[in-house]
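Student: Quick one: sequence plus predicted model below, questions after.
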Amino acid sequence: MLRTSSDTREIDLLTTSVRDLNATLQAFGSNTRSDEASFRVLTPNGAHAIAVGIDAPLNVEIAGHVGYYCGGMNKCASIIIDGNAGQGVGENMMSGVIHVKGDASQCAGATAHGGLLLIEGNASARCGISMKGIDIVVKGGIGHLSGFMGQTGRLVAFGDAGEALGDSIYEARIYVRGKVESLGADCIEKELRDEHRAELFALLKQADEAHKADVSEFRRYGSARKLYNFHIDNAGAY
Amino acid sequence: MPPRRSATFDEHAIAEIRRAAATGIYDIRGGGTKRKVPHFDDLLFLGASMSRYPLEGYRERCDTRVILGTRFAKKPVELAIPVTIAGMSFGALSAQAKEALGRGASLAGTSTTTGDGGMTPEERSQSKTLIYQYLPSRYGMNPDDLRKADAIEIVVGQGAKPGGGGMLLGQKISDRVAKMRSLPKGIDQRSACRHPDWTGADDLEIKILELRELTGWEKPIYLKMGASRPYYDVALAVKAGADVVVLDGMQGGTAATQDVFIEHVGIPILSAIRSAVRSLQDLGMHRKVQLIVSGGIRSGADVAKALALGADAVAIGTAALIALGDNDPRYEDDYRALGTTAGCYDDWHEGKDPAGITTQDPALSGRLDPVLAGRRLANYLRVVTLEAQTIARACGKSRLHNLEPEDLVALTVEAAAMTRIPLAGTDWIPGL
Amino acid sequence: MCGIAGLFIKRTRLQPRLGELLASMTSTLCSRGPDSAGFALYTAGEPGRAKLTLTSVEERADFEALGEMLSRAVSAPVSVVGRYTHAVVTVPADLVNLCRNWLLENAQDVRILSEGGHLEIYKEVGYPDDIARSFGIASLGGTHGIAHTRMATESAVTATGAHPFSTGPDQCLVHNGSLSNHASVRRELGRDGIVPQTENDTEVAAGYLTRELKRGRSLGEALKSSVEDLDGFFTFVVGTKNGFGVLRDPIACKPAVMAETDDYVAFASEYRSLTPLPGIKSAKLFEPKPATPYFWEH
């Protein structure tokens, strides 16, 4: 483990195992101060389960592409991925920030309960699947079945959305600026009212995009709530 | 001539057609299969006689301990008896029922399992050993509870509905259930049938890696599946890196699903165990990856037979609920008011359980005294264990786990073929 | 349940390194498929000659002696290059059917894994890295190739049950996923004269594509119709004499990542498998879209 000038510790995955890296990061408790520890992870080379299960406000920057489940179940930490993220980045995240500088593979932010997942590039299929409170901001497009069974939280896409957006959605809110290929079962476009513009503006601000993108260019999608209780006339949607 | 009823269009079939025509919805119910399928009753033990010597009851020890999760986990689960409590959710069950399960299991020295709905503080505090289910819905899933658990059970499916997702109807989504699941109150909860962030054993291998990394490689990882193609499914569970495989037959209960699913998908546990064990043996992993079987376990005889066929432990669900007081005849008037009778009540999803177990109605759930119900469960678990020991001793075993297939014979040709146990009085195993 | 790697080289300078790069890519996929592995490489061919890759179900087969017998039987020169448990037998292209039939009739233990002007297939049971080493995959050059590591689902773990599968000249296919209607498609193929040699669902997919190509369809068309006709979960990577194609099922749960540079197009189940490739840091990375055939040709 090297110490660089600015108190950022470097951990190179060429010489350190993911297990040792995670054990180091997980050793910090939730009473850690936010400026106490910063890490830079080198040579990730697409390895899986990097920086999972952190429970402290650490700053972790990963220099390169990561594999599956990077930042899984994160609490409090700020994780920057300077590259692409594999399947399920930030899965079941509770709080904190995960910032993907490149693209994210399928199931980004799956089932996550809180925090912010910011993706500079595109996110592929099932972005925000079964989301439970997280905010996801994607500056590119999102793939098919994004927001599938989204329970709560917000999903914002600057680019286009693939087929079956928001299929079987519950109370999650989706904002898309680009073209939507098709809407999934029980997902409808909804009026973008002032409260939504305010909500969207706050999200853009978190994503450092305030005043760069006009909130009125986005369209809002959410649940028609027709599948909330079974009715035979909706059987075709099942 | 008396009028003749059709065997095909029998009373039940006709009633179901009428019901479907009137309501426009498939029949949803709880529990497992109700029709007769080959079961443990079709096997018998060969007690010791002249060629083998039995052990003396009570005085000569018959060990019942079992250790689960010895493959990779730093902290395997150690249980006093090989009878565990199957996963049942808070939501499907009342908080009192969950508490009672924890109390009873802890008294008897075994584990309980959470369900589709997260971990309640009541359950964690009452269960000495608690298995935390990791389900497709991930309701209430969080890293703190994950670390509080003694083992993690990844649920791929269950015997009542292999290939199906969960179903909890609006009547049971109370404020507390809704909050735990991040859902609006009163809506039908439609759980997914596949996990949201992995599909297939090759990706599951990476998911298991993540869960181990999240918990410092301490906790055993169980993999629960419904019995359908056990030989291949168990092999894939082993290759994906599971410590323990939980195999649930079609008699295993569910909180609620389509009747057509319960009765027509999946196979009886009797027909699944030998294939699962053969799969483990072919990989050299029998007893290294432990096998828990479930689905219709009622008595110590069933436990002994499951173990003799090669399982390391069993899980009980329906029997545990009955032990707590489910379908108790003392509530017969209430059952009749619901259009059923004690012993048949399975509309668990409607939340009107007179016994206060499968409900979120405070007036009903208040009927269940968790301390008393826990005591009843502990009594039952002890009886089951004593029964299994009685059989094992009669077969000359000082450990329950030394029961083996050769201690059994089959009563029916079907059971012989399914279990590869010879038909009683012969050396014949059909199909071999 | 598996890992897939594929590499299509666009410029000749990387061609000598095909085997080496493909073996390194496959090395990262061992945990996705610990049961068996296989490599299909499109190597240099000789005009007028065809190659048959052979293996044997017996422990050891004397392919040299077999080659001599074959040569005498068809009265034509036959060359044999042995590699570990396999051999590539080169015969006159116009006699390839005659040779194939002679082998089927006279060498009961031998299985023909591939046929074509360029395609060679090497596959065995065991840990993927060991298999690559045993065959000396790294020493082989060529224009394109695909590789596979297998976690067996429902069919036996055998060398012939390993991927890639070839059911037509210079055609091969690898698969990640699980088909749910392969038994019916297998029966249908049987009626059309294509009889898969194993119980593997992937061989059914390969046979399906071969049948469609025989019917005069392009590979792109065949891939497109397979989305309708094959059910279940799949990511396919296919090779033909000149080309390399990728297809994912409409639900697209099985992973797929691609990289393109001026030098190559590469496919892998996971990004880490692409990391050994030269210039990967500046490559264009993307995921193939569901139900959309992708195809590259020389």
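Tutor: Thanks, I have it.
Student: Get me the contact residues on chain A for chain C.
Tutor: Residues of chain A found near chain C (C-beta under 8 Å from any C-beta of the partner chain) are A:45-48, A:65-68, A:84, A:86-87, A:102-103, A:105-106, A:124-125, A:143-144, A:162. For the C-beta atoms, the positions are set from N, CA and C on the backbone; glycine is no exception.
Student: Of these, which belong to helices?
Tutor: Among the residues of chain A next to chain C, no residue falls in helices (DSSP state H).
Student: now B:Ala20, what's its secondary structure?
Tutor: helix (DSSP: H, G, I helix; E, B strand; the rest coil).
Student: can you map out the helices along the chain?
Tutor: Using chain A here. A:18-26, A:194-206.
Student: wrong one, chain C
Tutor: C:18-27, C:63-74, C:96-106, C:128-135, C:182-191, C:201-214, C:219-229.
Student: any weak-confidence spans in chain C?
Tutor: C:1 (pLDDT under 70).
Student: quick one, domains of it?
Tutor: Domain segmentation of chain C under automatic domain parsing yields C:2-37+C:142-297, C:45-117.
Student: pLDDT weak spots in the chain?
Tutor: All of this is about chain A. Ranges of chain A meeting pLDDT under 70: A:1-6, A:235-238.
Student: Please refer instead to chain B.
Tutor: B:166-167.
Student: what residues does it put near chain A?
Tutor: So far as C-beta under 8 Å from any C-beta goes, chain B lies against chain A at B:23-25, B:137-138, B:141-143, B:146, B:169-170, B:181-184, B:186-188, B:190, B:192, B:196-198, B:203, B:206-207, B:209-210, B:213-217.
Student: Tell me which entries of those residues lie within strands.
Tutor: Members of the residues of chain B next to chain A lying in strands (criterion: DSSP state E): B:Arg190.
Student: about what we covered before: mind checking which of the helices of chain C is nearest chain B?
Tutor: helix C:201-214 (11.9 Å; C-beta to the nearest C-beta).
Student: Would you confirm that B:Glu414 contacts B:Asp42?
Tutor: Yes - if you go by C-beta atoms under 8 Å, B:Glu414 and B:Asp42 touch, sitting 7.0 Å apart.
Student: buried subset of the residues of chain B next to chain A?
Tutor: Neighbour-count burial (16 or more other C-beta atoms under 10 Å in any protein chain shown) is assigned, among the residues of chain B next to chain A, to B:137-138, B:141-143, B:146, B:169-170, B:181-184, B:186-188, B:190, B:192, B:196-198, B:203, B:206-207, B:209-210, B:213-215, B:217.
Student: These also near chain C: which ones?
Tutor: B:Asp203.
Student: Next step: the buried ones among the residues of chain B next to chain A restricted to helices.
Tutor: B:Pro143, B:Leu146, B:Arg181, B:Asp203, B:Ile206, B:Lys207, B:Leu209, B:Glu210, B:Glu213, B:Leu214.
Student: Go through those residues and say which is closest to C:Arg72.
Tutor: When these are compared for distance to C:Arg72 (C-beta to C-beta), B:Asp203 wins out at 51.8 Å.
Student: Now do the contacts for the closest one.
Tutor: A:Tyr68, A:Gln87, C:Lys254, C:Pro255 (C-beta atoms under 8 Å, 6 or more residues apart in numbering or on different chains).
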